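Undergrad: show me the folded form of this:
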Amino acid sequence: MTYREAIDWLFSTQTFGIKLGLDGARRLLREYLAFPAHGTKVIHVAGTNGKGSTCAMIDSIARACGRRTGLFTSPHLIDYRERIKVSGQEIPEDACAAMLTSLREICEGFEHHPTFFEISLALAMRWFRERECEWIILETGMGGRLDATTAVPADVCVVTPIGLDHMQWLGDTLEAIAAEKAGIFVPGKPVVSSPQEPPARFVLEKEANETRAPIEFIEEPLGGYPIGLAGEHQKWNAALAVTALHRAGLPLNSDSVRYGLAHVSWPGRFEEILPGIVLDGAHNPHAARVLAATWNSRFPGKKASLVFSAVAAKDIAGILEILSPLASRIFLCPVDSPRAVCAEELAGLLPPDAPPYEIFGSFQAAFAAARAGGAPVLVAGSLFLVGEARAFLTGRGFQPSAQ
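TA: Coordinates of the predicted model:
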């Protein structure tokens with residue numbers, strides 16, 4: 001298959017939906033010879049918010065220490081290949097096409113067709129093995145216990161802040177969701193966690209005790225180092241990343257940590273892509289609160305022209321309640337996703353004291369109207385919206401995805 005044909009086939013597998021469980025992932029990894037080589041270190045990151053930023057920091061610091069890294073994250077913003085990087089470089093189109101061609105042949109022999117995410121994981125792991133990656137950083141797609149990434153044995157497990165999200169899959173309490181996240185724990189292997197709400201912390205401690213996995217909670221943010229990502233919360237993520245690498249046995253020094261953190265990049269998370277234009281994929285209330293704090297620090301006393309969209313099964317009213325006070329006007333539009341919520345429905349979820357709003361049929365129309373007002377523009381509410389915005393603002397082709 002050509003690259004375009006390969007991507008079209010892969011994206012067509014999204015019709016199989018999300019299937020939680022490890023048997024399919026393990027079988028595909030085994031048949032595609034995609035498990036890590038002996039001696040490869042694996043750091044597995046779960047949580048509700050901050051997973052991507054923490055993974056990016058771990059990867060950047062490890063590279064600053066001279067290690068060849070493989071980084072697997074999701075979703076992508078613009079191009080599918082963003083999900084699979086070796087030492088910061090996306091998998092090339094020709095390699096991606098050739099490997100997906102092989103994977104398609106393998107998948108045809110399965111009684112239950114592998115999912116989009118399982119195929120993506122197998123592709124990434126085989127690429128990391130072929131490129132002889134010494135360190136692999138895996139971000140869970142959703143949850144942990146039954147997420148395909150958990151099929152890969154980890155040396156260190158990391159848990160970022162846990163909140164209420166994906167409740168239709170993971171449960172509707174912090175305790176239930178924390179139990180799913182704790183499902184990544186490996187007997188006898190270290191666990192490093194961000195500070196957690198007491199109900200979530202209790203569950204993590206209980207699960208760590210049962211699996212005899214030594215667990216520690218970060219007690220203070222990392223100070224004294226410049227970080228290439230905006231927001232005070234990134235200092236906590238940095239402390240988590242540094243501790244995880246230390247527990248995994250990577251020799252660290254202040255110069256490598258300083259360089260890695262200063263040069264870390266994670267687009268779409270309070271990214272001021274142009275002066276006065278900020279992109280942030282705040283897709284749940286916890287992330288929205290972090291965004292609000294960062295906005296008020298970066299633009300004190302200034303109101304935003306908020307371009308907002310969201311997908312189904314999110315606490316949209318909760319997000320809007322937090323973000324609305326940041327805005328002088330709100331510009332609502334649909335996101336390019338099968339899970340999109342229409343702008344009219346978004347309007348019905350605005351809080352009673354929300355500023356004036358307008359409804360648009362596309363992101364580009366909403367963005368043009370927002371920018372005409374002269375206020376700083378904040379594009380937020382969904383990573384899918386941020387991806388579309390980033391593609392438009394950088395002039396790149398956009399590969400919308402349902403997952």
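
Undergrad: Gly188 - how many residues pack around it?
TA: By the criterion of other CB atoms under 10 Å, Gly188 has 9 neighbours. C-betas here are computed from N, CA, C, even on glycine.

Undergrad: quick one: low-confidence parts of the stretch 201-350 of the chain?
TA: Across the stretch 201-350 of the chain, nothing is flagged by pLDDT under 70.

Undergrad: now the strands: where do they sit in the stretch 301-403 of the chain?
TA: 304-308, 327-332, 357-359, 377-380 (DSSP state E, counting those that start in this stretch).

Undergrad: how about the strands in this structure?
TA: In the chain, strands defined by DSSP state E lie at 41-46, 69-72, 84-86, 89-90, 135-139, 156-159, 191-193, 215-217, 271-274, 277-280, 304-308, 327-332, 357-359, 377-380, listed in chain order.

Undergrad: circling back: how about the strands of the stretch 301-403 of the chain in TSV, adding mean neighbour count and distance to Glu31?
TA: Converted to TSV, the strands of the stretch 301-403 of the chain look like this (neighbours: other CB atoms under 10 Å; distance: least, CB to CB, whole Å):
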stretch	mean neighbour count	distance to Glu31
strand 304-308	27	43
strand 327-332	22	46
strand 357-359	16	49
strand 377-380	28	41
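
Undergrad: got JSON lines for those strands, with distance to Ile91 too?
TA: Output for the strands of the stretch 301-403 of the chain, formatted as JSON lines (distance: least, CB to CB, whole Å):
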{"stretch": "strand 304-308", "distance to Ile91": "31"}
{"stretch": "strand 327-332", "distance to Ile91": "35"}
{"stretch": "strand 357-359", "distance to Ile91": "39"}
{"stretch": "strand 377-380", "distance to Ile91": "27"}
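
Undergrad: closest one to His38 among those?
TA: strand 377-380 (43.8 Å; CB to CB).

Undergrad: report the contact partners of the residue nearest the centre of the chain.
TA: In the chain, the residue lying closest to the centroid (CA atoms, centre = their mean) is Gly52, at 4.1 Å. Contacts for Gly52 (CB atoms under 8 Å, 6 or more residues apart in numbering) come out as 73, 139, 266, 269.

Undergrad: on that earlier part again, so which of the strands of the stretch 301-403 of the chain comes closest to Ile227?
TA: The nearest among those, by CB to CB, is strand 377-380 at 20.8 Å.

Undergrad: just list what that closest one packs against, helices and strands only.
TA: Contacting strand 377-380 under the criterion 3 or more CB pairs under 8 Å, 6 or more residues apart in numbering; DSSP states H and E are the following elements: strand 277-280, helix 285-298, strand 304-308, helix 363-372, helix 383-394.

Undergrad: any idea which of those gets closest to Val159?
TA: helix 285-298 (14.0 Å).

Undergrad: packing partners for that closest one?
TA: Packing partners of helix 285-298 (3+ CB pairs under 8 Å, 6+ apart): helix 233-247, strand 277-280, helix 316-323, strand 377-380.

Undergrad: now the helices for the stretch 51-200 of the chain?
TA: 51-64, 93-107, 116-130, 167-170, 174-181, 198-211 (DSSP state H, counting those that start in this stretch).

Undergrad: distance to Thr160 added to the ones you listed, as a markdown table?
TA: Shown next, in a markdown table, are these (distance: least, CB to CB, whole Å):
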| stretch | distance to Thr160 |
| --- | --- |
| helix 51-64 | 5 |
| helix 93-107 | 28 |
| helix 116-130 | 19 |
| helix 167-170 | 15 |
| helix 174-181 | 9 |
| helix 198-211 | 11 |
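
Undergrad: lowest-confidence stretch among those helices?
TA: For these, mean pLDDT drops lowest on helix 167-170, to a mean of 54.

Undergrad: Leu250: which of the strands of the stretch 301-403 of the chain is closest?
TA: Here strand 377-380 is closest among the strands of the stretch 301-403 of the chain (CB to CB), at 34.5 Å.

Undergrad: now do the closest one: distance to the chain's middle.
TA: Mean-position distance between strand 377-380 and its chain equals 18 Å (CA atoms, centre = their mean, to the nearest Å).

Undergrad: quick check: the gap between the residue nearest to Phe367 when sequence neighbours are not counted and Ile277.
TA: Using CB to CB, 6 or more residues apart in numbering and skipping residues adjacent in sequence, the residue nearest Phe367 is Val307, 5.6 Å away. Remark: distance between Val307 and Ile277 (CB to CB, to the nearest Å) = 10 Å.

Undergrad: shared neighbours, those two?
TA: Common neighbours of Val307 and Ile277 (criterion: CB under 8 Å, 6+ apart): 377, 379.

Undergrad: domain ranges for this protein?
TA: As assigned by automatic domain parsing, the chain contains the domains 3-262, 271-394.

Undergrad: quick one: stretch 311-323 to chain centroid distance?
TA: Centre to centre, stretch against its chain (CA atoms, centre = their mean), the figure for stretch 311-323 is 18 Å.
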